[in-house]
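Asker: Task: produce atomic coordinates for the following.
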Amino acid sequence: MKFFHQYILTAFVVLFATAALAQPATLSGVVQDAHTKEPVAYASVYFLKSGVGKTADSTGHFTFTLPDGINDTLEISYVGYEAFRQPVNLPSGESVISVEMQRGKATNEVVMKVKINKGLYLWRKIMSKKKQYNRYNLPNFSYEAYNKLEVDFKNFKPEKAKKNFLLKPFSFVFDNIDSTSEKEPFLPTYLLESVSDYAYQKSKKKYFENIKASKTKGFNNESISKMLGVMNQNVNVYGNYVNVMDKDFIGPFNDNADDYYSFSVADTQEIQGKKVFHFLFRPKRAGQNTFEGDAWVMASTFQIQKISLYLGKDANVNFIDRISIFQEFIPLNDTVYFLNRDKFFADFKVLGKQSLTLIGRKTTSYKNIVINSDSITKLFETQSLEEVVKTTENANQLSDSSWTALRHDSLSANEKSIYVTIDKLLAMPKFQRFKKNVKFLATGYTDDGNVEFGPWFNWISSNAWEGARFRFDLGTNTGFHKKIYLHGYLAYGTKDQKLKGLMEAYWLLKKNPNRFRLHAAYSKDIDNGISQVGEVSQDNIFSLAIRKPNTTRKFLQLQDTRLEVFKDLGKGFSTELFLVHRKYVPLLNLPFIDANGNGETFTNFEVAMRLRFAYLEQFVEGDYFRYSLGSKYPIAEVMFAQGIRGFAGSNYTYSKISASVKDKMKISPLGTLSYKIYGGKIGGTVPFMFLENHPGNDIYYYNSGAFNLMNRFEYLSDKYAGINIEHNIGSGLFRFIPITRKLKWRQFWNVKTLWGSLNTENSLLNNGESKFKTLNGSNYTEVGTGIDNIFKILRVDFVWRLSPTDFKGLGNKTSNFGVFGSFQFQF
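Answerer: Predicted coordinates for the structure are as follows:
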């Protein structure tokens, strides 16, 4: 029974009654991969008792003519799949069966040692042609691509779901459950489609994509439409690495794949008069980022005709039960085989083996393929950027008849039912309320008419100066204005019994292609970490549970009036101008506070400009704001600031310059390496709030942008430089230990080093009460390591402070070692 549960059988039996009881029985069938639904060519089909057997054809089909009433056991086997067995008792007439085979090792599979490794020999032959057959080594190519992404749910109980008080109003959705296509019923849930024209040029390397149709029912977001194109979803099986869920896996045709894979040749077949090899590959060692799978390879040219890549449960990818990648190539001429269609199927399980399973099925087909054409060269003559992705106007608003003409194949019954269901849901007020409540819990924000409330996690917090702090935010949404966003909040502390708040307005003059934005704001509040660089501010209900004990908190009141002008300049360049008027008042545990506890007021007016270069940076666009997904190139920033004395009550003249370069690089197969190099200088004699207050961390939540064993307002500098490095190794040493390999723990290390100094004038002005420290030209260094991916969401950092080690007279309890935690959702 244990093995039986691993087999998937979807059987449709069509019986035609006949008058003649002695008529022979005919059994026809097709053998498919259970995940990709691709045919399993040349599978062995065999009746155990009678000994009758044959091989399925290149499309997975087989037919037997047998005596009626036969009582036997049908066995189907194939290399790389678990053997399938099913008792059969055939009546007379014709029966049709569909068999779905699961990936795995067959019970009767035998590993033989041979003197000549045919698999390795074939791999070397393929590698000798790798550059020639890799499509990205062609001078240029173009095609039309049709992308389709279906999302399904399975492993749930429909009757129980229908009775759930949250889902009961939408019970009609469960009428679409498909209980016949697969062994386990599944619910087709959502469908995304796109059609695009794609082009590539090798020298000078350029990419172009025009998304001319996109169907994303329920939302209309251009940046999401761009992600559905082929620019970000190309799998190149001839490449050294295959990217899966933003992780690089060593491909079977990596230059050093023979160090990671075992190769074999299962058999040789003849398809359409041409001899082909069935090439198999498997990981040599468990726990490495590798695939198992097979390919059909042309014997005469060593070109890949079909290939399947499979990731099982042992792969170090979170929430994934299995992933299958399939690609098929067709001949364009006598020498070039080009990608014709591909599939990417993934089963996501968030809460364990028996939890709800989300199935993603992405299929892409290609037509109108052109290679080595002067027309493509001309297309790129006017393109200055390496990558350009455009979306045709109204691409999301095409009619059903237009989509019928654009699709490379027609929609299935399941796919059509998805669109009908979505239309019905979107028209239901109850569903809109349900969606609104889910958004509120997940993001903290909710809308009521033209007004936005939240985030809820900032409503209550606490600190030593304000006591219990209550805050209420109010903003507008696109119902009020599509280009103007208004936001503000009021906060009140039960201990200081004072109101604080913020008023701000954003005006998005131009959204695309080069963003142009104005921002005006006025705020008066406590600077207790609200503006701190990091993942969790201290104006947050969650920070109450993770605050460091025995740390002297320092409080500062800030009144800030500003105008900002942001402009995209194109080609990755952007600039932002700041006009800022500030008033600072030290409140607690800081210099410039008299015996009665009253702080001195410091006023300044500053003009600043930031220049930023982020080539090919990608964003997810919101209604008013956009969120960076980073760039495959380093991101550089330079900022200049000038304090102007005598203007609007300003008391200080100073100058500032700072610069930084940061990047996150894949260094496969060794994981990823992130770094940030930065430095700056401040000219002038000014109070501490205008100097560089190096970012510290007063809570036990790990902050990647701060020094976690440094307290806030601990170190001051007017000249500084630093570097932060983190290497995420992946499985690392954990893959050699069975329990940690099973838990999918991941390894990392990091180092943060800062050099800084404070001139004599600024030191005398700010450090009379020994409230601050300076590095005096030496360095502050932290190193860390730890365990990532604990329970798939938790990271624990062990951090050591290497220098300075003299903690006397600091006014704060500090330590040279600390343990920090953080949460992160990652695949």
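
Asker: Quick check: beta-bridge partners of residue 283?
Answerer: residue 261 (DSSP bridges).

Asker: show me where pLDDT drops low in the stretch 701-827 of the chain?
Answerer: For the stretch 701-827 of the chain, applying pLDDT under 70 flags the ranges 768-770, 806-814.

Asker: In the stretch 51-200 of the chain, what residue spans correspond to helices?
Answerer: 118-128, 130-133, 158-163 (DSSP state H, counting those that start in this stretch).

Asker: For these, which has the smallest mean pLDDT value?
Answerer: Note on the helices of the stretch 51-200 of the chain: lowest mean pLDDT is at helix 158-163, with a mean of 65.

Asker: Please convert the helices of the stretch 51-200 of the chain to TSV, extending it with mean neighbour count.
Answerer: Any C-beta I mention is one placed from the backbone N, CA and C, and that applies to glycine too. Shown next, in TSV, are these (neighbours: other C-beta atoms under 10 Å):
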stretch	mean neighbour count
helix 118-128	17
helix 130-133	15
helix 158-163	12
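
Asker: Tell me which of those lies nearest to residue 261.
Answerer: Closest to residue 261 of the helices of the stretch 51-200 of the chain, according to C-beta to C-beta: helix 118-128, at 8.0 Å.

Asker: so which of the helices of the stretch 51-200 of the chain comes closest to residue 764?
Answerer: So among the helices of the stretch 51-200 of the chain, helix 130-133 is nearest, using C-beta to C-beta, at 66.6 Å.

Asker: how many other residues sit next to the closest residue to residue 187 other than its chain neighbours?
Answerer: Residue nearest to residue 187 in three dimensions, not counting chain neighbours: residue 153, with 4.6 Å by C-beta to C-beta, 6 or more residues apart in numbering. Counted with other C-beta atoms under 10 Å, the neighbours of residue 153 add up to 19.

Asker: Repeat that for residue 399.
Answerer: Number of residues near residue 399 (other C-beta under 10 Å) recorded here: 8.

Asker: now do the one 10 residues further on
Answerer: If you count neighbours by other C-beta under 10 Å, residue 409 ends up with 10.

Asker: Would you tell me what helix or strand it is located in?
Answerer: Assigned by DSSP states H and E, residue 409 falls within no helix or strand.

Asker: Which pLDDT value belongs to it?
Answerer: 89.

Asker: about what we covered before: tell me the bridge partners for the residue nearest to residue 187.
Answerer: Bridge pairing for residue 153 - DSSP bridges - gives residue 187, residue 358.

Asker: Which residues are in contact with it?
Answerer: 186, 187, 189, 356, 357, 358, 359 (C-beta atoms under 8 Å, 6 or more residues apart in numbering).

Asker: Just to check, residue 336 is in contact with residue 369?
Answerer: No: judged on C-beta atoms under 8 Å, residue 336 makes no contact with residue 369 at a distance of 9.5 Å.

Asker: one step back: would CSV of the contacts of residue 153 with neighbour count and distance to residue 693 be doable?
Answerer: What follows is those, written out as CSV (neighbours: other C-beta atoms under 10 Å; distance: C-beta to C-beta, whole Å):
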residue, neighbour count, distance to residue 693
186, 20, 55
187, 21, 54
189, 16, 49
356, 13, 47
357, 19, 49
358, 19, 45
359, 22, 50
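
Asker: of those, closest to residue 765?
Answerer: Nearest to residue 765 among the contacts of residue 153, with distances taken as C-beta to C-beta, is residue 358, at 59.6 Å.

Asker: I figured that closest one hits residue 320, correct?
Answerer: No: counting by C-beta under 8 Å, residue 358 stays clear of residue 320, with 10.4 Å between them.

Asker: who touches both of those two?
Answerer: The contact sets of residue 358 and residue 320 overlap at 347, 348, 349 (C-beta under 8 Å, 6+ apart).

Asker: Next, count neighbours for the last one.
Answerer: Here the number of neighbours of residue 349 (other C-beta under 10 Å) works out to 18.
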